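1. Give me coordinates for this.
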Amino acid sequence: MRAWVFKVNTKRGWEFDRYFRSRARRPYPMGSAGWIRSALSLRYLREQVQRGDLFFCYEADRKRVVGLARAASDGRDPEGKGALVHFCPPREALRFDHPLQRHPDLDHVLAFTPQRGRGTIQPLDRDELAHLRRLIWRRNPQQGSAVRRFFASPDGL
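-> Here you go, the predicted model:
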């Protein structure tokens, strides 16, 4: 399993709280060909995103990671209609009580900077993931059991 950043810009009319507050009991559709236009992001979805992958939900204009979700489907090619990936049902996701802020929390994580690219989907390296994991524990100790659930897979994610 891999870890990814899924970026949205709330100024374009969508924010992650719409997902986290949803009462949906089924996997939640995320992104469409009209929404995700970056060729690199589309390639990541088509070739690398798999069911069970971890997503950090990042609001780019607010410069904060607001929570975690798992992919409930493999990513897919934008040829058809509908979502390019589905997130787990919102009740299985985690909305942080205290989001991670771009400054200073995320300063040393390239996936949140323009240096890695401006696409909607960005991969996280293992060292970045380890750093984020420590930050989440430090900023949200009261959510420890929920955080533990997200990082309790065999490969350490």
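
2. Which residue ranges of this structure form strands?
-> Secondary structure of the chain (DSSP state E): strands at 3-8, 28-30, 54-59, 64-70, 85-87, 94-101, 121-123.

3. Which one of these lies nearest to residue 42?
-> Closest to residue 42 of those is strand 121-123 (C-beta to C-beta; 8.3 Å). Any C-beta I mention is one placed from the backbone N, CA and C, and that applies to glycine too.

4. May I have the strands that pair with that closest one, each with its orientation?
-> strand 3-8 (antiparallel) (DSSP bridges).

5. So what touches the partner strand?
-> 14-16, 30-31, 44, 49, 53-60, 65, 69, 111-112, 119-124, 129, 157 (C-beta atoms under 8 Å, 6 or more residues apart in numbering).

6. Buried among these? Make that a ChimeraX selection.
-> Listed next is the ChimeraX selection for buried residues among the contacts of strand 3-8, using 16 or more other C-beta atoms under 10 Å:
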select :15,16,30,31,44,49,53,54,55,56,57,58,59,60,65,69,111,112,119,120,121,122,123,124,129,157
